[in-house]
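*Asks:* could you look at this predicted model? Sequence included:
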Amino acid sequence: MRGGVVSEAVLAINKPTGVSSREVVNRVGRVLGTKAVGHAGTLDPLATGVVVICVGKATKLVDFIHELPKSYRGVFQLGRSSPSDDVETEVTAEPAPVRPTAAAIEAAAATQQGEILQRPCDYSAKQVGGQRAYRLARQGKPVSLAAKRVRIDRLEVVAYEWPRLELEVDCSTGTFIRAIGRDLAAAAGTTAVMESLVRNAVGPFAVGAALPLAAVTPDAAGREAVMAALQPPQHAVPQLPQQLLDETALTTAAVGGLLQLDVSTESLAAVTADGRMVGVLRRLPAGGYRLKPNFMVQSD
């Protein structure tokens, strides 16, 4: 922060149900008086939990934050289905549903772990012919989404008593928790809709330490709460090794020059002697590193 203006920072907001991720961004932006705000991963209105917000030049880190693992807790109702795979659209109950045993549920859960191919939900923000899939689905138009590879690091059956199934999931970005419930149920011979979802964590950002959205108010108290929750951008990229840049290297990097470093990592978090992150160093195919994204501005 310089002169009362947030130049680059990140924070975690605990989003309640019924609120879009876009509204979270808008509220933070209004409190801080800036349009340079974005979120690193949509959380559906039905869901609650962590939304990572990037402010100022830290918005350039969104792609890196997407790389962080995510943790969820979802509750599903078995023997039911809906077009959106959750309770946001009309739910249909099976007239004579299969009631899987606990052993069958555990066996089905095993099919959803590790590297798997997952078909995205029809009601999703995926692009189909230049349009969002959920828009086509709402219009009753056919939606054809190819399965994509995702990684499920942990899938634990927390509780199961027909028809309620509660799961905890640690997974890669791009994973649809609704689809995990859908496909797990199919493997057990039944159907499922997601009733509720909590995003417990995104990388180092845990829901217990996130700022409640209710605290983000358009007054002095709200600004104070948001300012206290801001964290330096390097907190959002713990997967990147840090590279200290001296004054000579900073001068070179600031104007887009190449740095020759005795490392082979694809990306590095570039930091100054006082601990400030100034961007991400990317290794070029021809050799050398360039600062991109670059947080430094010549007028600073």
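*Replies:* Good, I have the coordinates.
*Asks:* same question for stretch 61-74, mean pLDDT?
*Replies:* Stretch 61-74 shows a mean pLDDT of 95.
*Asks:* what of stretch 38-58?
*Replies:* In the prediction, stretch 38-58 has an average pLDDT of 94.
*Asks:* report the buried residues of that stretch.
*Replies:* Judged by neighbour count using 16 or more other CB atoms under 10 Å, the buried positions of stretch 38-58 are 38-41, 43-58. (Each C-beta comes from the backbone N, C-alpha and C, glycine too.)
*Asks:* in helices, which of these fall?
*Replies:* If you go by DSSP state H, those have nothing in helices.
*Asks:* need the longest strand for the protein.
*Replies:* strand 148-161 (DSSP state E).
*Asks:* C-terminal to it, what's the next element?
*Replies:* strand 164-171 (DSSP states H and E).
*Asks:* downstream neighbour of that following strand in the secondary structure list?
*Replies:* Next along the chain from strand 164-171, counting by DSSP H and E, comes helix 177-187.
*Asks:* what packs against that following helix?
*Replies:* strand 70-78, helix 102-110, strand 114-118, strand 164-171, strand 192-202 (3 or more CB pairs under 8 Å, 6 or more residues apart in numbering; DSSP states H and E).
*Asks:* out of the ones you listed, flag the one nearest residue 235.
*Replies:* strand 192-202 (11.5 Å; CB to CB).
*Asks:* quick one: pLDDT of residue 170?
*Replies:* Model confidence at residue 170 (pLDDT) stands at 98.
*Asks:* roughly how far does it sit from residue 102?
*Replies:* Going from residue 170 to residue 102 by CB to CB, to the nearest Å gives 21 Å.
*Asks:* ok, residue 293 next?
*Replies:* For residue 293, the distance to residue 102 - CB to CB - is 48 Å.
*Asks:* for residue 86, which residues are in contact?
*Replies:* 44, 46, 123, 178, 193-195 (CB atoms under 8 Å, 6 or more residues apart in numbering).
*Asks:* of those, the lowest pLDDT goes to which?
*Replies:* residue 123 (71).
*Asks:* what helix or strand does it sit in?
*Replies:* Counting by DSSP H and E, residue 123 is part of no helix or strand.
*Asks:* what is the neighbour count of it?
*Replies:* 24 (other CB atoms under 10 Å).
*Asks:* follow-up on the earlier one: for residue 269, find the nearest of the helices and strands packed on helix 177-187.
*Replies:* strand 192-202 (17.4 Å).
*Asks:* C-terminal to the closest one, what's the next element?
*Replies:* strand 205-206.
*Asks:* any idea of the mean pLDDT in that next one?
*Replies:* 98.
*Asks:* report the contact partners of the spatially most central residue of the chain.
*Replies:* What sits nearest the mean C-alpha location of the chain, by CA atoms, centre = their mean, is residue 41, with 3.5 Å. By CB under 8 Å, 6+ apart, the contact list for residue 41 reads 21, 51-52, 65-66, 70, 173, 202.
*Asks:* of those, which is the nearest to residue 281?
*Replies:* residue 65 (17.2 Å).
*Asks:* neighbours of residue 243, how many?
*Replies:* Quick note: residue 243 (other CB under 10 Å) scores 18 neighbours.
*Asks:* just the element for it, please.
*Replies:* Going by DSSP H and E, residue 243 is in strand 242-244.
*Asks:* low-confidence ranges in this protein?
*Replies:* Along the chain, segments meeting pLDDT under 70 span 1-5, 127-129, 131, 133-134, 136-137, 139, 142, 297-300.
*Asks:* let's see that with 90 instead.
*Replies:* By pLDDT under 90, the low-scoring segments of the chain are 1-7, 41-42, 44-45, 88, 119-147, 174, 264, 286, 296-300.
*Asks:* give me the domain ranges for it.
*Replies:* Domain assignment for the chain by automatic domain parsing gives 8-67+204-236, 70-199, 242-294.
*Asks:* elements contacting the host helix or strand of residue 226?
*Replies:* Using DSSP H and E, residue 226 maps to helix 220-229. Secondary-structure packing of helix 220-229 (3+ CB pairs under 8 Å, 6+ apart): strand 8-15, helix 21-32, strand 211-212.
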